[in-house]
Each structure stands twice: as structure tokens, then as C-alpha cells.
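Asks: My questions are about this predicted structure, shown below with the sequence.
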Amino acid sequence: MVTALFFYLFAGVCVASAFMVIAAKNPVHSVLYLILAFVNAAGLFVLMGAEFLAMILIVVYVGAVAVLFLFVVMMLDVDFSELKQGVLQYLPFGLLVGGIFLAELLLVVGAWTISGNLPQASAAAATNVDNTEAIGLVLYTRYVYYFQAAGIVLLISMIGAIVLTLHHRERVRRQSIPAQNARTPATAIEIRKVRAGQGLEP
Amino acid sequence: MSVVYSSYLPLLPELALAIGAMVLLLAGVMQGEGSARTVNVLTIFVLIAVGAFVVMIPPGRHTFFGDSFIVDDFARFLKLLTLAGSVGAMLLSLNFLKVERLQKFEYGPLILLSSLGMLVLISAADLIALYLGLEMMSLALYVIAAFDRDNVRSTEAGLKYFVLGALSSGMLLYGASLIYGFTGTISFAGIAKAAGQGAPPLGLIFGLVFLFVGFCFKISAVPFHMWTPDVYEGAPTPVTAFFAAAPKVAGIAMFVRASIVAFPGITEQWQQIVVFVAIASMALGSFAAIGQRNIKRLLAYSSIGHMGFALVGLAAGSVEGVQGVLIYVAIYVAMTLGTFAVVLSMRRDGVLVENIYDLSGLARTHPTIAFMLAALLFSLAGIPPLAGFFAKFYVFLAAINAGLYTLAVVGVLTSVVGAYYYLLIVKIMYFDEPARGFAPMPGSLRLVLAIGGLSNLLFFVYPAPLIGAASAAAKSLF
């Protein structure tokens, strides 16, 4: 009963805030609604007993992705009101395409008979370990191949970002911490006696 | 201990490729930009060494990591072919990178990592390994498409390829999740078992269609080919040669393995998709290329058409058909790399020219190059006794034996249409007034052109090794 209540709470807020993401006038508000949608989706995961996924959703999507979005939205000078000006003009056509899609989907769903003998995905075997521990038990053993392959995919994306954006500028004076630390009074200071009425240079 | 080591021998190519790429990357970072040429030359040696490791794998069928990684004759054949394509593309790149001032040490490691993705893809025996291999291959390809980052066309090509590639990956994943949902397993063998019982559920067919959309995008088959001409034209030319050779092999490999191994029980469901895609690709590849004057765009349409011809063999769905696909892809790689060697030598006043009329009178200015290119073009058109004829012969034969007469007839007709634009280039080279000659052809390009051209010219003398290897590879799938 309580679970159902929370399900409807999370699901309702999630859908409503997802709608507000595209409806909000201010892009910063859009991102904030997006964060709200993520947090509610995490709540749904908790209800399903997938607490690891819930936490990952908060850490990765709210903590990193959404904050990055926020930075981009605030730092790029994009006139969003201008972008949205054409909306009314394209609305009839958009509705038409959407309507066709909806009709097609209804046709498919109407023809869709979910037979009773569908295979059940194998449920988690052990019940005495929690999510995180269960993933940890297989991630580096049974799924080490996937794990390493995913690591290489990330390596490629890192190389790509560097190759495509890093500019080595010539003649830029860079700070060298070791050189600074290696300076001593002997290399940095020169003590001269200056006689009255004469300059330093002869 | 030695027993344990030798049992992991089939993994050696992938391990060597991954470690080689990382070592070369580190060496490049340590030595700075000046090491770029050395790193890129070493890349070729790494690829050749990996090829030797593939040959060293003991015969038979090996599976690893809970059956997600499989090495059989099919994988061996295609891995060697992919590596050959990568070596050819690297050879084509060396001089280009130097002249165009694109010497960066990341180029070689990116090619290596992309090749690693292709090998993973070829050996993938479940949906997750397939997706990881695909992304590994594609991400590196997106980056090297935009490698000439100060050139607007190159960055546009990279961005276009990236956006459309991400979309197609999304479709593929959607299909994969539907297939998992309706069969309860991700392994190809498990899917085959679940799909074989009784009438296949509608959701499985849905997933299959989406999966095939992703495949068709990666091998640039119609109707998911739109990116190909723009990306081929915009990307630096040796990168285009790479795109046209190695990833196509890997794409065809995953297409064939997934269709034959995962969905043998519902062949008639996917056969009609492949038949349609093959007919559409052959037709578009032939007709759309007629109006092209830019040789890179022309070769893009030509590659679309050739993927259509290769799929004719898959549509047959038989051992014979798969053998035809393998022979076709092998000959296609040799023809494509040879042709691109000529395209890369079309350098006048230090600038690469790309119009087909720049080849005017090549027979008088550079008779040897013109003869080789003419042989390659005749081969691409499928004129006997060149290799391209045998490639088409085997796929059409398989289609006829499988009862797909319409497909075979359409294939023959479109190859006649396609012959027009190949022969047009031959006519320009041999009968038009000579234009100014090109700069002398660098040695690495000569090597690729000689190997590509001679293997096409002399294939009919001794075809047994390729046909035998393809036959063994095809049998290992069934």
C-alpha cells in the first residue's frame, strides 16, 4: 500500500518534471526539472530494490551530467527564446507526425499478444548479498571482458577529445613548478653595494 | 602453467593489439610530436604481428568469457582480412600525413584501437560483446574522420558520422533490448534456441528489425547510406580508404554471424529484409554514382553498391552464400585499397585533386598507373577474368541455388548499369586529351597499388587458397 503510494508519487513527479523540461521557458529551469526527474527515477529504482542503480543515477546523472548541462547552459550565450519562436509554426505538422506515430503504435500494441510462455529473465541468484556486493562479485570475474572492453572504449573517447580540441600554442610562457621550487636565494637574488651618486651599471 | 598460457593463445591478437596501441600512445606522449612518423610506421608492424598471432591460433573452435568471445575459422578469416585492410590504409596514410602536415602520433593508435574494435566485433558471440566492439570501432572512426580538424569539411564529416552513428547505435541497442526481453538471453546460441521454438514472438521480430537497422547503417546499406558520400568526401583521403575497407569487413562479419548464428530458426523473417536491402543498395549504388564527378563520392556510391552485392550472398542464408560473402569482401578490400592508392597519387602542385576528369589521358602520362587502375575498375565492374567477376559469380550462384532468382537478376542488371561509370573513367584515362601529369607516386602507394592490382589481375590463375579458406570459414558458422 505504502509502496504503491510512493510509486505513484515518484512516477507522477517524474513524468510531470520531464514534461516541464521541454515546456519551461528558462533553460536553467529546464535543467533543474531534469534533475528533479532523475531524483524521482532514482526513487523508483529504490522501490524496485535496485539501490545500487539508484545511487549511481544520483551520483552520475545528477552529480555530473546535470551539473555539466547547467554549466553549458549558463556559459553559452544561446538565445533560447529565439530558438523557440518557430514552435507554433511547426506545431500542426508536428502534431500530424505525432498522431501518425501514435496510431501506428496503437496498431502494434493492438496486435501484440504477450504469450504466457515468455522466458523469465534469470533473477538474481543470491538473496543474502545486496546489489553492490552482487555486482562486485561478477564485475571483475565473469564480466571482466566486458569491463575491459568498456574501459578501452572510454580510453578512445578520451584520446578523441584530446586530439580534436587540444591546441599546442607556440611561445606561451608556462608555469614550471619544479623550476620555481628549485629557486634559492643564491639563484634569485644578487646583492650589490651601490655607491652614492652612481648607478648600478657602470 | 604453460598449459594455461597456451589455452589463452586465441586471445593473443586482441591483447597484443590493445597493448600495442597503449604502448605506442605512451611512446608518442613521451616523445612529443616529433615521434609521429615513427609511431605510425610502428603501427604497421604491430598490425602485421597481430596478423601473425591470428595465424598462430590452433585450429578449431575456441570460446572464452562465458561464450561471449569466439574464435573459429570464420573469425580467423575475417580478422586477417580486417588487419590487411588496416595495414593497407596505414600504408596509404604515411605519405599523405607527411605532405598534408597532419603528422600526429595519435593517428596510429586510433587505427589500432579501431582495428581492435573490429576484431572484438568479429569474435562477438553475444549482444553485449557485439555492442562494445561496435562502439570501440566506431568511436575511433568518428575521431579520425575529423582528424584534419582545421578543415571544415573534415570536421563536418566527423560530426555527421558521429551524430548519425550514435542514432544507429541507439536503434541497435533498442533492438538488442527487445531481443533480450523476448528470449531471456544475450548469447547468440541462446537466442537461436529460444527463437527456434514455435512461432517467434512479435517483439523478437521487432528487435530483429532494429538490430538490422544498426547493422545496415554500419555497412552503409540503403536505406541507411545517407552519411556515406558526405563522410567519404569530407574525411582525409587515406581515412576514406580505411573506412571503405576494414570497417566494412567487420560490419559484414557481425551482420553474417548475428543472422546465421542467432536467428537460424527464423531465416525467412530476416531473409526478406536482407533481400530488400541488397536490391536497394545495388540499385542506388549503380544509379546514383552515374552523376558523380568527384572520385571520392563516386567510390562512396560504389561501396554502397558493393555492400548490396555482398548481402546477396547473405540473403541466400546457406553455407554457399556465406562463402560467397567472404570471397566478395576479400576481393572488395583488395580492389578498394588499390583504387584509393591511385586516388591518393592524384596530386598536382602539391594539392590532391578529386575530379574524375583530372585523370584525363593518364594512359599517356602515367601508363602503368593507368593500366593498373583500368584493371581495378574492370574488376569493380565485374568483368571476367578479373577477380571482381568471380566475387559476383559466387554470390549470384548462391542466390540462384537458394531460389532467389529475382535477386540474382536484379543484381546482374544493376552491375551492368554500374559498369557504365567504371568504364567512363577508363574512357577518360585512355581516350581523352592528356592533362598535366601528377607528381611521382610515392613508394608506399606503389606497393598497395601493385598488390591490389596484381591480386585482381592474377586471381583467376590460382583462386584455390582464397576459395578454400572462405569455404572452411563459412562451414564453421553452421
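Replies: Received the coordinates, thanks. Every value quoted in this text rests on a predicted model; they were computed, and no experiment measured them.
Asks: Can you name the next helix or strand after the strand or helix carrying A:Leu91?
Replies: Using DSSP states H and E, the element containing A:Leu91 is helix A:87-111. Using DSSP H and E, the helix or strand that follows helix A:87-111 in sequence is helix A:131-139.
Asks: Contacts for the helix holding A:Leu91 next, please.
Replies: Under the contact criterion C-beta atoms under 8 Å, 6 or more residues apart in numbering or on different chains, helix A:87-111 has outside partners B:Leu202, B:Phe206. The way it works is simple: take the backbone N, C-alpha and C, and place the C-beta from them, glycine included.
Asks: State the number of residues packed around the residue of the stretch 51-200 of chain B found nearest chain A.
Replies: Relative to chain A, the nearest point of the stretch 51-200 of chain B is B:Gly184 (3.2 Å; C-beta to the nearest C-beta). Using other C-beta atoms under 10 Å in any protein chain shown, the number of residues around B:Gly184 comes to 15.
Asks: ok, it touching B:Ala195?
Replies: No. Using C-beta atoms under 8 Å as the test, B:Gly184 is too far from B:Ala195 to be in contact (11.0 Å).
Asks: Flag the shaky bits of the chain, pLDDT-wise.
Replies: Because you didn't say which chain, this covers chain A. A:78-81, A:83-84, A:110-127, A:201-202 (pLDDT under 70).
Asks: Sorry, I should have been clearer: chain B.
Replies: Along chain B, segments meeting pLDDT under 70 span B:1-6.
Asks: mind checking the SS state of residue 58?
Replies: Answering for chain A, as no chain was given. Classification of A:Ile58 by DSSP: H, G, I helix; E, B strand; the rest coil places it in helix.
Asks: Correction: the question concerned chain B.
Replies: The three-state label for B:Pro58, taken from three-state DSSP, comes out as coil.
Asks: isn't it right up against B:Leu9?
Replies: Yes. Contact status for B:Pro58 versus B:Leu9: in contact at 6.6 Å, counting by C-beta under 8 Å.
Asks: the more surrounded of those two?
Replies: A direct count of neighbours by other C-beta under 10 Å for B:Pro58 and B:Leu9 places B:Leu9 higher, at 14 against 10.
Asks: how close does the residue of the stretch 51-200 of chain B closest to chain A sit to B:Gly203?
Replies: Distance from B:Gly184 to B:Gly203, counting by C-beta to C-beta, to the nearest Å: 12 Å.
Asks: Check B:Val461 too.
Replies: 52 Å.
Asks: So between these two, which is more surrounded?
Replies: The residue with more neighbours, out of B:Val461 and B:Gly203, is B:Gly203; 18 against 7, by other C-beta under 10 Å.
Asks: What's the separation between that one and B:Tyr174?
Replies: Distance, B:Gly203 to B:Tyr174, using C-beta to C-beta: 11 Å.
Asks: The residue lying closest to B:Val412 once chain neighbours are set aside - how many residues pack around it?
Replies: Distance criterion C-beta to C-beta, 6 or more residues apart in numbering or on different chains; nearest residue to B:Val412, sequence neighbours excluded, is B:Phe396 at 6.7 Å. Using other C-beta under 10 Å, B:Phe396 has 23 other residues around it.
Asks: For B:Phe396, what are phi and psi?
Replies: Dihedral pair for B:Phe396: phi -70, psi -40, per degrees, to the nearest 10.
Asks: Tell me the spacing between it and chain A.
Replies: With the distance defined as C-beta to the nearest C-beta, to the nearest Å, B:Phe396 ends up 36 Å from chain A.
Asks: got a list of what that residue touches?
Replies: Per C-beta under 8 Å, 6+ apart, neighbours of B:Phe396: B:Val312, B:Ala408, B:Gly411, B:Val412.
Asks: Touching, B:Gly361 and B:Phe438? I think so.
Replies: No. Assessed by C-beta under 8 Å, B:Gly361 is found out of contact with B:Phe438, at 11.4 Å.
Asks: All the helices of chain A, in order from the start?
Replies: Per DSSP state H, chain A carries helices over the ranges A:2-23, A:27-47, A:51-56, A:67-75, A:80-83, A:87-111, A:131-139, A:144-165, A:177-181, A:185-188.
Asks: Quick check: closest non-adjacent residue to B:Arg61.
Replies: Per C-beta to C-beta, 6+ apart, closest to B:Arg61 is B:Asp72, 4.5 Å.
Asks: And B:Phe77, by the same measure?
Replies: Take B:Phe77 and drop its neighbours on the chain: the residue closest to it by C-beta to C-beta, 6+ apart is B:Ala473, 3.8 Å away.
Asks: for the one you found, helix, strand, or coil?
Replies: Under three-state DSSP, the three-state class of B:Ala473 is helix.
Asks: circling back: among the contacts of B:Phe396, which one is most surrounded by other residues?
Replies: Of these, B:Val312 is surrounded by the most neighbours, 30 neighbours in total, counting by other C-beta under 10 Å.
Asks: what about it, helix or strand, and which?
Replies: Per DSSP H and E: helix B:295-316 holds B:Val312.
Asks: before we move on, what about B:Glu320?
Replies: Short version: B:Glu320 belongs to helix B:319-344, going by DSSP H and E.
Asks: Quick one: residues in contact with the next helix or strand after that helix.
Replies: Later in the chain than helix B:319-344, the nearest helix or strand by DSSP H and E is strand B:347-348. Contacts with strand B:347-348, where a contact means C-beta under 8 Å, 6+ apart, come from B:Val99, B:Val353, B:Asp358, B:Arg436, B:Phe438, B:Ala439.
Asks: For B:Gly32, give me phi and psi.
Replies: The phi/psi pair for B:Gly32 (degrees, to the nearest 10) reads phi 80, psi -180.
Asks: re earlier: identify the residues contacting the residue nearest to B:Arg61.
Replies: Residues near B:Asp72 by C-beta under 8 Å, 6+ apart: B:Gly60, B:Arg61, B:His62, B:Ala473, B:Ser476, B:Leu477.
Asks: Look up how far chain B lies from the residue nearest the centre of chain A.
Replies: Nearest to the mean C-alpha position of chain A, by C-alpha atoms, centre = their mean, lies A:Val65 at 2.2 Å. As judged by C-beta to the nearest C-beta, A:Val65 and chain B stand 16 Å apart.
Asks: burial count for the spatially closest residue to B:Leu11 that is not a sequence neighbour?
Replies: Using C-beta to C-beta, 6+ apart and skipping the chain neighbours, the partner closest in space to B:Leu11 is B:Phe64 (6.3 Å). If you count neighbours by other C-beta under 10 Å, B:Phe64 ends up with 17.
Asks: Pairing partners for B:Phe64 in the sheet, please.
Replies: Beta-bridge pairing of B:Phe64 under DSSP bridges involves B:Phe69.
Asks: B:Pro223 should be in a strand, yeah?
Replies: No. Counting by three-state DSSP, B:Pro223 falls outside a strand, being coil.
Asks: Next up, the contacts around B:Ile331.
Replies: Going by C-beta under 8 Å, 6+ apart, B:Ile331 touches B:Ser379, B:Ala387, B:Gly388, B:Phe390, B:Ala391, B:Asn456, B:Phe459, B:Leu466.
Asks: In helices only, show me these.
Replies: Checking these against DSSP H, those in helices are B:Ser379, B:Ala387, B:Gly388, B:Phe390, B:Ala391, B:Asn456, B:Leu466.
Asks: pretty sure the second one is touching B:Ser455, no?
Replies: Yes. Assessed by C-beta under 8 Å, B:Ala387 is found in contact with B:Ser455 at 6.8 Å.
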